[in-house]
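Colleague: Give me a model of this one.
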Amino acid sequence: MGDFIGIAQRIASLLSELAGRGGISPQELAEIASHAMGEREINLYPGIPGYVCHDLALFISLTSPAYVKGKRGHLSCRQAIEKLVQHMQGSCMNRTRVAVLITDSWNAAAADEWKANLQQIARIAHIEIYLIAGQSVSEIYI
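Modeller: Reported below is the predicted structural model:
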């Protein structure tokens with residue numbers, strides 16, 4: 001298991017708790033991530049990426065009606081992968097050392113399209129990807 005499985009499990013648990021009340025807005029993801037991460041500063045997508053590159057970037061893709069309150073502002077898995085690549089090879093290259101992607105709907109075709117970029121990033125940084133279903137968390141290896 002990856003180093004950040006605990007974070008993915010805490011987020012999955014919080015998402016499950018909140019999903020029962022009608023879904024989660026993208027704005028609520030910042031609160032969820034903050035609760036799961038404690039005092040650690042991160043870049044969060046969607047959310048407020050900010051102008052400062054932190055050691056860890058968290059990318060959350062939610063598309064399931066069980067989690068999503070309106071589709072506006074949420075990232076698809078493809079969009080989250082693209083944001084990860086843009087962040088890690090663009091604006092925060094060599095500054096963010098860990099990227100964690102959490103999704104409720106894995107898109108193998110998108111991952112395949114970005115595979116070369118993801119492998120290049122993995123040579124200089126740490127990437128972990130998790131698929132969540134309810135409170136279950138599975139790691140996806142690239």
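Colleague: longest helix anywhere in the chain?
Modeller: The single longest helix within the chain, with elements called by DSSP state H, is helix 5-19.
Colleague: buried stuff in that one?
Modeller: When burial is assessed from 16 or more other Cβ atoms under 10 Å, helix 5-19 yields the following buried residues: 7, 8, 9, 10, 11, 12, 13, 14, 15, 16, 18, 19. Bear in mind the C-beta positions are built from the backbone N, C-alpha and C, glycine included.
Colleague: Against residue 131, how distant is the closest residue in space to residue 104 that isn't next to it in sequence?
Modeller: For residue 104, the nearest residue in space outside its immediate sequence neighbours is residue 64; the separation is 4.6 Å by Cβ to Cβ, 6 or more residues apart in numbering. Between residue 64 and residue 131 the distance is 11 Å, computed by Cβ to Cβ, to the nearest Å.
Colleague: rewinding a little: a helix runs through the residue nearest to residue 104, doesn't it?
Modeller: No: when DSSP: H, G, I helix; E, B strand; the rest coil is applied, residue 64 is found to be coil, with no helix at that position.
Colleague: for the spatially most central residue of the chain, phi and psi?
Modeller: Relative to the mean C-alpha position of the chain, the nearest C-alpha, by Cα atoms, centre = their mean, is the one of residue 59, at 2.3 Å. Backbone torsions for residue 59, taken as degrees, to the nearest 10, come to phi -120, psi 120.
Colleague: Contact partners for it?
Modeller: Under the criterion of Cβ atoms under 8 Å, 6 or more residues apart in numbering, the contact list for residue 59 reads 45, 75, 80, 81, 83, 84, 87, 99, 100, 101, 102.
Colleague: try it again with 10 Å
Modeller: Going by Cβ atoms under 10 Å, 6 or more residues apart in numbering, residue 59 touches 43-47, 75, 77, 79-84, 87-88, 99-103, 129.
Colleague: With residue 16 instead?
Modeller: Contact criterion Cβ under 10 Å, 6+ apart gives 66, 67, 132, 133, 134, 135, 136 as the residues in contact with residue 16.
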